[in-house]
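In: one predicted model, sequence on top.
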Amino acid sequence: MWLFDKDIEKELAAKNLSSYKHSIDDSKDRKRIIRISIILIILIGFIFLPWTQNIQTTGTVTTLRPEQRPQELNTLIAGKIDKWYVKEGDIVKKGDTILKISEIKNEYLDPKLVERTREQINAKASANNFYEGKVGALDNQIGALAQSKTLKIEQTKNKIQQIRLYIQSDSMAFIAADNEYKIANDQYKRQIELHKEGLRSLTELEQRNQVFQNAVAKRNIAENKYYNAKQELLNAQIELSAIEREYDEKIAKSESDKFQSFSQISGGLAEIAKLENQYNNYVIRNGFYYILAPQDGQITKTIKAGVGEAVKDGELMVRISPENFQFAVELYITPNDLPLIHEKQEVRLQFDGWPAIFFTGWPDVSYGTFSGKVVAIDNFISENGKFRILVKEKPGATEWPAVLKLGGGVKGIALLKNVPIWYELWRQLNGFPPDFYVKKLPTKEELKKQKESSDKE
């Protein structure tokens, strides 16, 4: 049948009929119009498809916690390398010895430096104990002197009181003797008058003279005794002042010796503290001779080599990479795109060396990309003129590859607003930035749920 139709068409074409030519041309035009219409319909439908706006940038694999990043081990003191205990690529545990260095400074070369410093501390402590004993003895001496002073003062006061009583009795005796003297003097004068008148004999006058002379002697003795007692009182009072001064001087000297001992003790304590500081510094310095692994990890590179090589304090010796860490990604975005990024925003990641097929506007149909969320945005611009953002693995999404290495490259695509393709084409042609939208503030219930989910993480 098909061959029959072909024969008819050849026959009509050979006859060169104008009506047949017009019918053939109309049929081709209709087919062309149909094809163009279908293409236009497809194109119109295509430009109304949804398109996810995004920001693309590059970065590297890192970690969120500083202690999980590769670190450098430095020497804390100057010395020379004695022995290496590891080689590059070795796995070490926390506290494992990496290398040993020995001392090169003259003031630390004595192998018994720590023991000798301890002996100095003990000797100084013993000297301080002696001074403390001296302070105790001086306290006893001061107490004894104070007690002796009190007793001596009481004794002298008693003596003064006794002398005052003697003065009182002597003054009475002196008054009595003086009265006898006056009476004897009057009687003697009357005897002289009576003797002149012849009424008394010479013998009686001589007897009265003798009585008078005895009264004079008694009066002089009583007077001398009275004044001697008063002089003894004055001497006793002077002695009392002298005793107070004497004992005050002795006590003051003992107090001076005591405070001098206190000064010696304070100076000794200061020297002991200084020696203790030196001792602890020496002990700690001895611990610096061994460089230990600060955490579990792998020796990635040794900077110094050989044995006997001198190193300076703070010099880099070895690099170590931690064994356990949580991956994160640091990306850099331009200041123009910074307002479009916020925390907890989703980011699609494509790691170097990991096969992936990514469709820019349709991240849901991409293959080999991994999901993450923004956890931090730097407030200060980096040296490369861009702002750094940190992205970590999104919970519940596909886990990141376990074979990732720190420092590896990564491409990040921050997902923004969904718009039609025609709008995106119009925006690109006009050079407008992606749509900026303000994130809707979460309610209290949403904040509570976010907090609970973050606590679980």
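Out: That came through fine. Residues are numbered from 1 along each chain as shown.

In: now the strands: where do they sit in the protein?
Out: Along the chain, the segments classed as strands by DSSP state E run 50-63, 71-74, 79-84, 91-92, 97-102, 290-292, 297-302, 310-311, 316-322, 327-333, 346-351, 370-377, 387-393, 409-420.

In: in TSV: these, plus mean pLDDT, mean neighbour count and distance to Ala184.
Out: For the C-beta atoms, the positions are set from N, CA and C on the backbone; glycine is no exception. TSV is the format used below for the strands of the chain (pLDDT from 0 to 100; neighbours: other CB atoms under 10 Å; distance: least, CB to CB, whole Å):
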stretch	mean pLDDT	mean neighbour count	distance to Ala184
strand 50-63	75	18	130
strand 71-74	85	15	119
strand 79-84	88	16	115
strand 91-92	89	16	127
strand 97-102	88	18	116
strand 290-292	88	16	116
strand 297-302	85	17	128
strand 310-311	84	16	120
strand 316-322	86	18	123
strand 327-333	87	22	133
strand 346-351	82	21	141
strand 370-377	86	18	128
strand 387-393	89	21	131
strand 409-420	71	18	142
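
In: I'd say Glu67 and Pro322 touch.
Out: Yes. At 7.2 Å, Glu67 and Pro322 qualify as touching, with contact defined as CB atoms under 8 Å.

In: need the residues touching each of these two.
Out: Gln295 (CB atoms under 8 Å, 6 or more residues apart in numbering).

In: for the residue nearest to Lys134 when sequence neighbours are not counted, report the pLDDT, please.
Out: Leaving aside its sequence neighbours, Lys134 sits nearest to Ser261 (CB to CB, 6 or more residues apart in numbering; 4.9 Å). Per-residue pLDDT puts Ser261 at 84.

In: test my guess that Ser261 contacts Gly136.
Out: No. In this structure Ser261 lies outside contact range of Gly136 using CB under 8 Å: 9.6 Å.

In: the spatially most distant residue from the centre of the chain and Glu67: what is the separation?
Out: Distance to the chain centre peaks in the chain at Gly198, reaching 124.5 Å (criterion: CA atoms, centre = their mean). For Gly198, the distance to Glu67 equals 144 Å [CB to CB, to the nearest Å].

In: now Ile251
Out: Distance from Ile251 to Glu67, by CB to CB: 66 Å.

In: between those two, point out the one with more neighbours.
Out: With neighbours defined as other CB atoms under 10 Å, Ile251 and Glu67 compare such that Ile251 has more, 18 against 10.

In: okay, now the unreliable bits of the stretch 151-300 of the chain?
Out: Low-confidence segments of the stretch 151-300 of the chain (pLDDT under 70): 200, 205.

In: quick one, helices of it?
Out: 202-287 (DSSP state H, counting those that start in this stretch).

In: can you give me the helices for the stretch 1-150 of the chain?
Out: 2-15, 18-47, 113-197.

In: on that earlier part again, and Ser261 and Gly136? which has more neighbours close in?
Out: Higher neighbour count among Ser261 and Gly136: Ser261, with 20 against 12, using other CB under 10 Å.

In: what residues does the more buried one make contact with?
Out: Going by CB under 8 Å, 6+ apart, Ser261 touches Tyr131, Glu132, Lys134, Val135, Leu138.

In: which of those are buried? Put it as a ChimeraX command.
Out: Of the contacts of Ser261, the buried ones go into a single ChimeraX selection, burial set by 16 or more other CB atoms under 10 Å:
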select :131,134,135,138
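
In: which one of the contacts of Ser261 is nearest Gly267?
Out: Taking CB to CB as the measure, Gly267 sits nearest to Tyr131 out of those, at 9.5 Å.
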